[in-house]
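S.K.: generate coordinates for the sequence data below:
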Amino acid sequence: MKMKKMKKKSNIILVVILVSVLLGLDLLLKYLVSTYLTTVNIINNFFSLTYVLNDGAAFSLFASRTYLLILIALICLFFILYELKNNLDDRVLSIGYSLVLAGLLGNFLDRLMDGYIIDYLSFKIFTYNFPIFNFADILIVVGIIVVIIKEILKERGKKYEVRSK
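M.R.: Below is the predicted model of the structure:
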């Protein structure tokens, strides 16, 4: 019982540090982009840094519907916090949810304070211009992938336990 409490406490500390550092990095990157950047080609016809103000969600969904996007973000925020609280004994899930939380907070704060999100990572794949995104978006996607993989492995482990008994 003591080990489980210690593990939860260490995971809480990990979550707080991880979210703080990643959120701070996201906000710093957005500040630097908005202050100093217009467009910089990094790899010709593939990758550039392009300063864009995005008042929508992914792929410009819900453009100019700031209040709806803030409401959706708040619902997601409560869900992530609930899941994080209920999975603090699992370090991998704690890390996955922390990534999602940091990214969600980064974009949520942008939208809440300014009404838009600062995007800057632009990729062109063959002739397709992929929608421009930011570091917070990467955190959300990677965090969700971590959670999904962990949940799949957990389910497979349960199936294996049932079969082996």
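S.K.: what sits closest to the most centrally placed residue in the chain if chain neighbours are left out?
M.R.: Against the mean C-alpha coordinate of the chain, by C-alpha atoms, centre = their mean, the closest residue is Ile140 at 2.1 Å. Nearest residue to Ile140, sequence neighbours excluded (C-beta to C-beta, 6 or more residues apart in numbering): Gly103, at 3.8 Å. All C-beta atoms are positioned from the backbone trio N, CA, C, and that covers glycine.
S.K.: same question for the helix or strand hosting the one you found, mean pLDDT?
M.R.: Assigned by DSSP states H and E, Gly103 belongs to helix 91-114. For helix 91-114, the mean pLDDT works out to 95.
S.K.: can you list the buried residues in it?
M.R.: Buried residues in helix 91-114, counted by 16 or more other C-beta atoms under 10 Å: 93-111.
S.K.: quick one: contacts for the residue nearest to Ile140?
M.R.: Leu22, Asp26, Phe135, Ala136, Asp137, Ile138, Leu139, Ile140, Gly143 (C-beta atoms under 8 Å, 6 or more residues apart in numbering).
S.K.: what about the helices in the chain?
M.R.: Per DSSP state H, the chain carries helices over the ranges 2-36, 66-86, 91-114, 135-164.
S.K.: and the ones you listed as CSV, adding distance to Gly56?
M.R.: CSV is the format used below for those (distance: least, C-beta to C-beta, whole Å):
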stretch, distance to Gly56
helix 2-36, 17
helix 66-86, 8
helix 91-114, 10
helix 135-164, 13
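S.K.: can you tell me which of these is most buried?
M.R.: Mean neighbour count, computed with mean count of other C-beta atoms under 10 Å, is highest for helix 91-114 among those, reaching a mean of 21.
S.K.: quick check: angle from it to helix 66-86?
M.R.: 160 degrees (axes from the mean of the first three to the mean of the last three C-alpha atoms, to 10 degrees).
S.K.: okay, the angle between helix 91-114 and helix 2-36?
M.R.: Taking the same axes, to 10 degrees, one finds helix 91-114 and helix 2-36 inclined to each other by 30 degrees.
S.K.: how far off centre is helix 91-114?
M.R.: Taking the mean of its C-alpha atoms, helix 91-114 sits 5 Å from the chain's own mean (C-alpha atoms, centre = their mean, to the nearest Å).
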